[in-house]
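Participant: Sequence first, predicted model second:
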Amino acid sequence: MSTIRQQIIGILEQGLCDARDISQELGISEKEVYSHLPHTGKSVAQKGKKLHIEPARCLACEFTFSKRTRFTRPGRCPKCKSQRIKNPAFVVK
């Protein structure tokens, strides 16, 4: 039996996923997934791989949160104030 972080790494090695996809696959909350992601990034770095983040994006004005360092989804867009935000997605390469 592998740990939750090892299972997250296995899912992210298969392809691009957001926290909701991971939480549904593992049966844990999205909040728990977000708490594991920084540690997952460190674990894959030791193996010579990298956790890539596709940044969150506003669905109303297409603003991209490219400079955001947190893994969680932003609450609203700073440009248009819309709350329609596409979740960031993650992949291990």
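Facilitator: Cool, the structure landed.

Participant: can we go C-alpha only for contacts and neighbour counts from here?
Facilitator: OK.

Participant: Pretty sure L59 sits against K86.
Facilitator: Yes. L59 is within contact range of K86, at 6.5 Å (criterion: CA atoms under 8 Å).

Participant: more crowded one of those two?
Facilitator: Higher neighbour count among L59 and K86: K86, with 17 against 14, using other CA atoms under 10 Å.

Participant: Give me the secondary structure label for the nearest residue to L16 once chain neighbours are set aside.
Facilitator: Leaving out its chain neighbours, the residue that sits closest to L16 by CA to CA, 6 or more residues apart in numbering is V91, at 4.8 Å. The three-state label given to V91 by DSSP: H, G, I helix; E, B strand; the rest coil is strand.

Participant: what's around V91, how many residues?
Facilitator: By the criterion of other CA under 10 Å, V91 has 20 neighbours.

Participant: Tell me the bridge partners for it.
Facilitator: Listed beta-bridge partners, V91: H52 (assigned using DSSP bridges).

Participant: In contact with it, which residues are there?
Facilitator: The contact partners of V91, taken as CA atoms under 8 Å, 6 or more residues apart in numbering, are L12, E13, Q14, G15, L16, C17, L51, H52, I53.

Participant: For PyMOL, what selects the buried ones among these?
Facilitator: The following PyMOL line selects those of these that are buried, judged by 16 or more other CA atoms under 10 Å:
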select buried, resi 12+13+16+17+51+53
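
Participant: Turn the contacts of V91 into a markdown table, including distance to K31.
Facilitator: Listed next are the contacts of V91 as a markdown table, based on distance: CA to CA, whole Å:
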| residue | distance to K31 |
| --- | --- |
| L12 | 17 |
| E13 | 21 |
| Q14 | 22 |
| G15 | 21 |
| L16 | 18 |
| C17 | 15 |
| L51 | 18 |
| H52 | 19 |
| I53 | 17 |
